[in-house]
Each structure stands twice: as structure tokens, then as C-alpha cells.
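Undergrad: the sequence and its predicted three-dimensional model are supplied below.
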There are 2 protein chains.
Amino acid sequence: MTKEDRFEHILTKLSVNQRVHFEELAVELNVSEDTIRRDIDILGKNGLLVKVRRGGIIPAINPLSFQERASLFPEGKERIAFKVQPHLSEAKTVFMDGGTTILAIAAAIPINAELRIITNNMALPAVLHEHEQVEIISLGGNYNRNTRTTTGAQTCLEACKYVADLYLMGACGIDHALGVTAQVAEDGEVKRAFLASSRKTIAVVTQEKIGRIDFFKVANLDAIDTIVTDLPSDDFRLNAYRFAGREIL
Amino acid sequence: MTKEDRFEHILTKLSVNQRVHFEELAVELNVSEDTIRRDIDILGKNGLLVKVRRGGIIPAINPLSFQERASLFPEGKERIAFKVQPHLSEAKTVFMDGGTTILAIAAAIPINAELRIITNNMALPAVLHEHEQVEIISLGGNYNRNTRTTTGAQTCLEACKYVADLYLMGACGIDHALGVTAQVAEDGEVKRAFLASSRKTIAVVTQEKIGRIDFFKVANLDAIDTIVTDLPSDDFRLNAYRFAGREIL
DNA sequence: CAATATTTTGCAATAATTTGCAAGAAAAAT
DNA sequence: ATTTTTCTTGCAAATTATTGCAAAATATTG
């Protein structure tokens, strides 16, 4: 009975019953409850279920996260948003930059979360309008209509004034050899500023950006602590990054 | 019976019956009324229902959004927007602050206008999304969800870095004796910063703000060059301002 | 194949959450 | 104004989670 066998059993049971309990699974799989607990923790971090007290449930029925989703399992940006949440709830101050994935993550933040978000993303405040416990600090600069972000020297200068626990970096290409790249220089400059002032950096990239090399080099791969994608965390396309020692979610 | 199971039951029942009661749910789910109370509190805080006395009800149709409110009373604001356009087309660089009237003015700017707008109004970029010849400089600072503006020391500091031909001041009370006042200090501070760095200032005020005196004093009447309202320019209610030597439109 | 790392597992101690109860506060009803 | 009902708050007991650790299992290396 390998760990993967247990995963399969858990997910199968989950899809049938909509929920699983540590206690039952421990008996069924003949391992301790602690082991099941750890399994469900891993599955949860990969967005395959939602860990709750006493067990796990299908993400779709978790009313406090993605209630409106039609499909059984989250996909794409929602799945990324899902994986990122635990990290977000640990942080107090977060840098967030541009991109629709970042917006999806913000939309998934629980309504009563307490957080300080520092951003150059002008679309973000609208998304977080109901989140009264979330303090938003907007970075000034030249507004860019395509990306809905501010960029330029002013933006970088302001970013330098803060230190964040976490930087959620969106909208970038990522390559195992050439590291992180941006399509436009201004955006890349801001990313560098954020990188320099955050304790931890998570790059959020949808699969089409994996292996993509853009014009402006932002940083080497080792500047990133964690990479979150919409692929399963053990997908072969992520092997190169895993070998590079990055945490993959 | 986990918390999530209860959530599901509550929300299902809610969708069928339009409302739920603590007492019934406590019996149905075999827990104390206090527990149900707490559950409904959580669901309420996440916007999945509205907590009321004795239970919860389905959330009302979205409370009026900012944009909707903005379009609710368009006549007056459109008139103002119309009157302001000539001044706007003369200017190269314009400060614009918060308020729905300002948004109405921005929405009325011709699509091919060439302009540089410096603003702390986070809703403005969305309105000007199609205006490719309009350069927008966003001022950073603490985001305020009610006014959709940034305020604070950072905002003022940045405002000081620019000089504008014109300042379109919105969302303020105006009184012939006490001058211009703002409802919150932070907003007032930003208004002062804009005032100090612009060659010409136009206050745009809908009629309900004429004669209104708010808490925070921004400036005396003579700091304003022009007052634009939705009243006819010869309306008697504007006499006091005309006598004070202000230009009235 | 043996020796050594690495991972996994179960256990125990400690921490955190949940729950029902009770007392006082607030809101409706009389 | 008074009574009744409903809400909120604090608290302690019970349940459930987390963490550190050592033994067992598994993988890696020479």
C-alpha cells in the first residue's frame, strides 16, 4: 500500500461521497489517523480537496471558497488561487502585481481575511471591495491600459518603501534555465523592486507560461521560493523546476 | 457531522425556503442553537446569507454598486460634464480627485482627446480605458473603499511632484462664507495638495452640496477660480458666490 | 550486498478549535 | 414601564490538530 494508492482511494471516495473523514479512512486503509491526516494535507495543498476539521471535502461544495463553480474540481486560475490561499493566510503584508491570475487569487480571499496588500494593480481594489479587513496600498505611477497596472520609476520608488512577507508574482514567463522574464521592461522593473523587498516570493504561472522566455529578464530561478501552477504538482513538465530545488505547488 | 455539513444543510434549506431559523436548524442538525448561530454568523460574514433576527435570509440582490449609483442621477452630472469640457480641452495636464461627478466628467471626454490626468481616483482608469491619447498618472497611497480614492501622506507627497494647468475638484461642500470643506480629513489634505500645485481650480458641485459645510476645511472661496454646478448659471442660489467674485458656470 | 541516507509512520505531548452553557445586554412585545 | 424574547460574550470541557521525535520502512550509494 503506497502513498499514491491511498491518494487514489481517498479521491475516489471523495468523488462518490463528497466528503471523507480521517477516522473512516484510517480503518479502510489500515493506517493511523495521522497518516491519513498528512495525506489529506498534501492533497489539500495541491488543490484536489479542501481540508476541513475531521477530514476533507470536494472544493466545489466548500461554500466559503468557490461556491459558484460548476465543475467538480477546480481548474486553471481558480486552482492556482486555491493552492495559494494557505500561504496568503499566513502572511500579514503581501505584494501583488498584475495579471488576471492575481485577480483570481484576490477574488478567492475569504471575505473576513485580515491582510495588507500593496499593489500596482489598479483592478485589484474593485475585486476586494467587500473585504473590509483588507488594507490596500496602491502604488502610484504611469497607468498602463493593457495591464491595468502602474509602472515606472515612481512605482518602483514607492515599492521600495515597504517590506512584505510575501510577493505574489503574476504575469511572467518562467524557464528553468533563464529564470523569470517579463514582456515589457517597465513591468519587469517593478517586479524586481517587489522581489527585493519581500521575504518570500511565489510565482503564479498558468501552464502556457511554463518554459516561456520573454524579452526582459527579471531574476534567476533561485530568486523564487515557490512556483504555483494549474498543473498537478507532480506533472512532468515541472520536473526541471523541481530539480532546481524550487517548491512546486 | 462537521461544520461544513451543517453549512451545506443551511444553505440548501435557505435556497428552498428563502429563510432559516436558528431553532429549527438546531433540531434538524442536532446541535445547540448557539452553534447554529455561530454557523450563520460565519456564512453571513462570507456573504452567503444575511443574518437577521432569529436566523438568516437569502442575500438581497447586490447592493447598489458605485457605478450604478453614478448612473442613477445622470442629468445633473452630465450637465456639469458638458460645461467643463471647454476648460478641459484647453488644458494639457489636469488634476482630478474623487467623486461621481468627476467620473461623469471623465466619461464625457472625447475619445481622441490628448491629455495628461493626474489622479488619486482609482475608478478613473476604468472610465478612460478607451482614451488612448490620455495619459493617466495614478497617485499611490492608502486605498479608501468608500470613495475609491487613495489618500494619506504618500498621496499628497506625490501630488506635490506635479504642476497642473487645471484642478477639477469634486466631492466637496462649498459655502460662500466658509469656503470649501471636505467630509474626511484625508480627502481634504489631498485637495489642498492639488490646490497648491495647480494654476487654475474648478470646483464641480451638484446642487445639494451648495451651501453645505463639512467637517474639514480645505480652503477659502478665493482659492477657487470657477464653480460649475448643475443649476443654470444665473440661479439665485449662486448669487452669494457670484458676489464673491467667483466665475459661475 | 552492506552501509548509509531519506522518507514514512505512529505515538505522545502540546496547542487550537469547537461546543454548550450561563449571565448580562439589547431588542421586541405587552 | 415591564415582561419576554433574542443576542452577545465569556468560559470551561470536550474534541480535534499540530508538532517533535524515534522506530520502521524504503531508497540510494559505493
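TA: Received it, and whenever you're ready, just let me know what you need.

Undergrad: all helices for chain A, in order.
TA: Counting by DSSP state H, one finds helices in chain A at the ranges A:3-17, A:22-29, A:33-45, A:76-90, A:100-107, A:124-127, A:153-159, A:185-196, A:239-243.

Undergrad: and of the ones you listed, who's closest to residue B:48?
TA: Taking Cβ to Cβ, helix A:100-107 is the member of the helices of chain A nearest to residue B:48, at 15.1 Å. The C-beta positions use only the backbone N, C-alpha and C, and glycine is treated the same way.

Undergrad: centroid residue for chain A?
TA: Geometric centre of chain A, nearest residue: residue A:84, 3.0 Å, by Cα atoms, centre = their mean.

Undergrad: residue A:232 versus that residue, what's the distance?
TA: 16 Å (Cβ to Cβ, to the nearest Å).

Undergrad: returning to what we had before: mind putting the helices of chain A into TSV with mean pLDDT?
TA: Converted to TSV, the helices of chain A look like this (pLDDT from 0 to 100):
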stretch	mean pLDDT
helix A:3-17	89
helix A:22-29	92
helix A:33-45	91
helix A:76-90	79
helix A:100-107	87
helix A:124-127	88
helix A:153-159	94
helix A:185-196	94
helix A:239-243	70
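
Undergrad: need those helices in JSON lines (columns: distance to DNA strand D).
TA: Output for these, formatted as JSON lines (distance: least, Cβ to the nearest atom of the strand, whole Å):
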{"stretch": "helix A:3-17", "distance to DNA strand D": "10"}
{"stretch": "helix A:22-29", "distance to DNA strand D": "6"}
{"stretch": "helix A:33-45", "distance to DNA strand D": "6"}
{"stretch": "helix A:76-90", "distance to DNA strand D": "10"}
{"stretch": "helix A:100-107", "distance to DNA strand D": "21"}
{"stretch": "helix A:124-127", "distance to DNA strand D": "28"}
{"stretch": "helix A:153-159", "distance to DNA strand D": "31"}
{"stretch": "helix A:185-196", "distance to DNA strand D": "27"}
{"stretch": "helix A:239-243", "distance to DNA strand D": "13"}
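
Undergrad: mind putting those helices in a markdown table, distance to residue A:118 included?
TA: Formatted as a markdown table, those follow (distance: least, Cβ to Cβ, whole Å):
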| stretch | distance to residue A:118 |
| --- | --- |
| helix A:3-17 | 37 |
| helix A:22-29 | 38 |
| helix A:33-45 | 25 |
| helix A:76-90 | 14 |
| helix A:100-107 | 13 |
| helix A:124-127 | 10 |
| helix A:153-159 | 7 |
| helix A:185-196 | 8 |
| helix A:239-243 | 27 |
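
Undergrad: which one of the ones you listed lies closest to residue B:245?
TA: helix A:153-159 (37.5 Å).

Undergrad: residue A:150 against residue B:138, yeah?
TA: Yes - Residue A:150 lies in contact with residue B:138 (Cβ atoms under 8 Å); the separation is 5.0 Å.

Undergrad: joint contacts of the two?
TA: Common neighbours of residue A:150 and residue B:138, counting by Cβ atoms under 8 Å, 6 or more residues apart in numbering or on different chains, are A:122, A:138, A:140-143.

Undergrad: for those residues, name the two members farthest from one another.
TA: Counting by Cβ to Cβ, the most remote pair of the shared contacts of residue A:150 and residue B:138 is A:138 and A:142, 13.5 Å apart.

Undergrad: anything in contact with each of those two?
TA: If you check residue A:138 and residue A:142 against Cβ under 8 Å, 6+ apart, the residues they both contact are A:150, B:138.

Undergrad: more crowded one of these two?
TA: Between residue A:138 and residue A:142, residue A:138 has the larger neighbour count (other Cβ atoms under 10 Å in any protein chain shown), namely 28 against 17.

Undergrad: would you mind measuring from the more buried one to residue A:154?
TA: 12 Å.

Undergrad: which neighbours do the two have in common?
TA: Common contact partners of residue A:138 and residue A:154 (Cβ under 8 Å, 6+ apart): residue B:140.

Undergrad: my guess is the residue nearest to the centre of chain A meets residue A:105, correct?
TA: Yes - counting by Cβ under 8 Å, residue A:84 does reach residue A:105; the two are 5.3 Å apart.

Undergrad: report the rounded mean pLDDT for the strand ranked longest in chain A.
TA: Longest strand of chain A, by residue count under DSSP state E: strand A:198-205. The average of the pLDDT scores along strand A:198-205 is 91.

Undergrad: what lies in contact with stretch A:12-22?
TA: A:10, A:25, A:28, A:33, A:36-37, A:40, A:49, A:54-58, A:61, A:72, B:2, B:4-5.

Undergrad: go with 10 Å
TA: A:9-11, A:24-25, A:27-28, A:32-37, A:39-40, A:43, A:48-50, A:52-58, A:60-61, A:72-73, B:2, B:4-5, B:8 (Cβ atoms under 10 Å, 6 or more residues apart in numbering or on different chains).

Undergrad: show me chain A divided up by domain.
TA: A:3-61, A:76-248 (automatic domain parsing).

Undergrad: ok now the longest one, how far from the chain's centre?
TA: Relative to the chain's own centre, domain A:76-248 is displaced by 8 Å; criterion: Cα atoms, centre = their mean, to the nearest Å.

Undergrad: and the shortest one, by the same measure?
TA: Between the centre of domain A:3-61 and the centre of its chain there are 21 Å (Cα atoms, centre = their mean).

Undergrad: nearest to chain B: which residue in chain A?
TA: residue A:140 (3.3 Å; Cβ to the nearest Cβ).

Undergrad: tell me if I'm right that that residue and residue B:137 touch.
TA: Yes - contact criterion Cβ atoms under 10 Å: residue A:140 and residue B:137 qualify, at 7.1 Å.

Undergrad: who's more crowded, the two?
TA: residue A:140 (27 against 20).

Undergrad: any idea which of the helices of chain A gets closest to DNA strand C?
TA: helix A:33-45 (3.3 Å; Cβ to the nearest atom of the strand).

Undergrad: go through the closest one and flag the buried ones.
TA: Across helix A:33-45, burial judged by 16 or more other Cβ atoms under 10 Å in any protein chain shown covers A:35-37, A:39-40, A:43-45.

Undergrad: farthest-separated two in those residues?
TA: A:35 and A:45, at 16.0 Å, using Cβ to Cβ across the buried residues of helix A:33-45.

Undergrad: what number of residues lie near residue A:220?
TA: If we define neighbours as other Cβ under 10 Å, then residue A:220 has 12 of them.

Undergrad: give me the nearest residue to residue A:151, chain neighbours excluded.
TA: residue A:186 (3.7 Å; Cβ to Cβ, 6 or more residues apart in numbering or on different chains).
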